[in-house]
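S.K.: I would like to see how this sequence folds:
(one chain, ligands or ions: 1)
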Amino acid sequence: MQERLVVEAPAKINLTLNVLGKRDDGYHELETVMQQISLKDRITLCPGGEGIKVQSSSAAIPGDEANLAWQAARLMFEEFSIAAGLQICIEKNIPVGAGLAGGSTDAAAVIKGIDRLWGLHLSPERMCALGLKLGSDVPFCLVGGTALARGRGEILTALPEGPRLEMVLVKPDFQLSTAEIYQNFRLGQVKSVPDNQAFLEAWRRCDIMALAAQMKNVLESVSISRCPEVAVIKHKLGECRALASLMSGSGPSVVGLFGSREEARQAWKIMKDQYEESYLVSSYGRGD
Ligand code: C5P
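M.R.: The predicted structure is shown next:
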């Protein structure tokens, strides 16, 4: 058994997000393009000791059973009858409560790490089915790259390698509850929806302008009613010449897409003077 294993856990953003309706199980039926980005947590797994322990570089996430990484380890240990201790160290770089799947990606990293450390050789499908028990975004975090997601977010179609996206990510000093945003979403109040088919065609042609035109998130208006800063950041990114700016997931993080790394860097310099949690990021492919 290896002494320790380091697993990278990239954040996800939504390049489009459409809600098709509410389901009988309380979840919403989604059609969304998800993208992994270069902003990432780093998870170190050290087998040994007593029970499952979580340590983190951030006070903003729980160090006990409430942490999704802890739950992922317990789920794996129960499922595969592993009686062992495990220390999970989380280097937290992804903002918390931000719509960036920070908890889900840590959980996905723990599933992958345990699979490797204990030589389980699980199929991606098996890992995704286990991950879905922890959260709707975990399957995507396991698969990575760029994908069209349907259902709760777990029915994934991987997209081919597309254009490299240069972006600025801004998180206002505010956290939103995903459950609360979805609860207050009203299909009848949606004014503009992304055309995912048009997005996918633009993606295949690497046509940045055409895909920017479809970068829309129908949850934005609900999140803006609770955190008006989302609209302010969108506007400011537009002033910095973003080709598109949209909220990620249920927010409140906002992503601005730029025509080049240099343009993104210029915008980042302006935004980071106003928002401490501003990041210069790029899209992450499955091979990165
Ligand atoms: O799956 P997860 O626990 O991450 O979802 C958090 C909450 O977000 C759910 O309890 C649900 O209220 C809402 N949600 C939803 N439809 C989805 C995904 C999440 O309503 N497809």
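S.K.: output the longest strand belonging to this protein.
M.R.: Using DSSP state E, we find that the single longest strand of the chain is strand 28-47.
S.K.: buried ones in that one?
M.R.: The neighbour-count check on strand 28-47 (16 or more other C-beta atoms under 10 Å) flags 28, 30-37, 39-47 as buried. Using the backbone N, CA and C atoms, a C-beta is placed for each residue, glycine as well.
S.K.: contacts with the ligand among the residues you listed, please.
M.R.: H28, L30 (C-beta under 6 Å from any ligand atom).
S.K.: give the burial count for the nearest residue to L122 once chain neighbours are set aside, as a bare number.
M.R.: Excluding the flanking residues, the one nearest L122 by C-beta to C-beta, 6 or more residues apart in numbering is D115, at 5.0 Å. D115 has 19 neighbouring residues, counting by other C-beta atoms under 10 Å.
S.K.: send the alpha carbons of the helix or strand harbouring D115 over as CSV?
M.R.: Using DSSP states H and E, D115 sits within helix 102-117. Extracted in CSV, the C-alpha atoms of helix 102-117 (Å, rounded to 0.1, in the frame of the first residue of the first chain):
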residue,chain,number,x,y,z
GLY,A,102,-15.9,22.7,-4.8
GLY,A,103,-17.3,20.0,-2.4
SER,A,104,-18.3,17.7,-5.2
THR,A,105,-14.8,17.7,-6.9
ASP,A,106,-13.2,17.0,-3.5
ALA,A,107,-15.5,14.0,-3.1
ALA,A,108,-14.7,12.8,-6.7
ALA,A,109,-11.0,13.1,-5.9
VAL,A,110,-11.5,10.9,-2.8
ILE,A,111,-13.4,8.3,-4.8
LYS,A,112,-10.7,8.2,-7.5
GLY,A,113,-7.9,8.1,-4.8
ILE,A,114,-9.4,5.2,-2.9
ASP,A,115,-10.0,3.3,-6.1
ARG,A,116,-6.2,3.7,-6.8
LEU,A,117,-4.9,3.2,-3.3
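S.K.: ok, and for it, which residues are buried?
M.R.: Neighbour-count burial for helix 102-117 flags 102-115, 117 (criterion: 16+ other C-beta under 10 Å).
S.K.: quick one: work out the angle between that helix and strand 28-47.
M.R.: Here the directions of helix 102-117 and strand 28-47 differ by 50 degrees (axes from the mean of the first three to the mean of the last three C-alpha atoms, to 10 degrees).
S.K.: shouldn't L176 be within a helix?
M.R.: No. Counting by DSSP: H, G, I helix; E, B strand; the rest coil, L176 is located in no helix; its state is coil.
S.K.: OK, contacts around it?
M.R.: G97, G99, S223, R226, C227, S250, G251, P252 (C-beta atoms under 8 Å, 6 or more residues apart in numbering).
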